[in-house]
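In: Structure of the sequence below:
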Amino acid sequence: MAKEKEENVSTRKKRLNTRLSRGVPKGIESELVAVEWPNWLVAAAGDALNGWLPRRVDTFEKLGKIGQGTYSNLYKTRDTVLNKVAALKKVRFDNLDPESVKFIAREIIILRRLCDHPNVIKLEDLITPPINCSLYLVFGYMEYDLKGIQEQKGVKFSEPEIKCYMNQLLKRLDHCHSRGILN
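Out: Residues are numbered from 1 along each chain as shown. This is a model prediction of the structure:
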C-alpha cells in the first residue's frame, strides 16, 4: 500500500514536470495541474480554468437526454453534491488533435467570458473524465428555450412578449459583441 502511494506521488510529480505550457504563467499552471486538470486542457485553456476545481461525473445523476449535436449530447441531470438540476453537455473530441483541443478550449474561454449576463446560460463547471476523450460542460438548467415554448400547442406570443424576447436577444447579442465575440 505504501509503495502504491509512493508511485502515485511520483506519477503526479512527473505529470507536473512534463507540462505543456503555452502562455499560462508557471505558478498558475502548476496549481491547475496539481488539482487534476489534464495537461492538454491546461495548455489550451489554462486561464479559463483559473479559480475552478474539476468535478467528477459520478456526482451527477442522469435524468434524461434532452438534445444532441454533431459533437455533443445534452443531458438533464441532478447534481448530487449541490442537490439541483443541471444541464450536462458531453462533448466528444480527440485530445491528441491540436485543432480539436483548440476548438473545445475556445468554447470554454468564450463561455467563461460571457457568464456575467442574465440572458446567457452560465457555464458552471467542467468535468474531465480520466479515461475517455470527452469533456462535460455543466450549465444551469432551463426547462424550456424559446424554440421549445414556441413549439408548444396553443402558444401564440403577444406583441409585448415578442418585444420582450427581442429585447433580451438583442441585449445578449450586444453583450457578446462588447466582448469581441460574434454570434
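
In: bridging residues for the closest residue to R56 other than its chain neighbours?
Out: The shortest distance from R56 to any residue other than its chain neighbours is 6.6 Å, reached at I127 (CB to CB, 6 or more residues apart in numbering). (C-beta placed from N, C-alpha, C; glycine too.) Beta-bridge pairing of I127 under DSSP bridges involves R55, Y136.

In: surely I127 meets F139?
Out: No. If you go by CB atoms under 8 Å, I127 and F139 don't touch, sitting 11.9 Å apart.

In: what's the overlap in contacts for the two?
Out: L88 (CB atoms under 8 Å, 6 or more residues apart in numbering).

In: tell me the domain ranges of the chain?
Out: With domains defined by automatic domain parsing, the chain comprises 2-143, 144-183.

In: Redo those domains as a markdown table? Include mean pLDDT.
Out: A markdown table is the format used below for the domains of the chain (pLDDT from 0 to 100):
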| stretch | mean pLDDT |
| --- | --- |
| domain 2-143 | 77 |
| domain 144-183 | 89 |
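
In: Quick check: which of these is buried the most?
Out: Comparing the domains of the chain by mean neighbour count (mean count of other CB atoms under 10 Å), domain 2-143 ranks first with a mean of 15.

In: Over to D79: give its phi and psi.
Out: phi -80, psi 110 (degrees, to the nearest 10).

In: can you offset everything so residue one is 688?
Out: Sure, I'll start numbering at 688, so the last one becomes D766.

In: and it, what are its bridge partners?
Out: Assigned bridge partners for D766, using DSSP bridges, are F747, K771.

In: my guess is it meets A774, correct?
Out: No. Counting by CB under 8 Å, D766 does not reach A774; the two are 10.5 Å apart.

In: who touches the longest helix along the chain?
Out: For the chain, the longest helix by residue count, based on DSSP state H, is helix 846-865. Helix 846-865 is contacted from outside by L801, H804, N806, V807, L833, F844, L869, N870, using CB under 8 Å, 6+ apart.

In: Next one: the residue nearest to the spatial centre of the chain from A773, what distance?
Out: Taking CA atoms, centre = their mean, the centroid of the chain lies closest to L824, which sits 2.9 Å from it. To A773, L824 is 10 Å away according to CB to CB, to the nearest Å.
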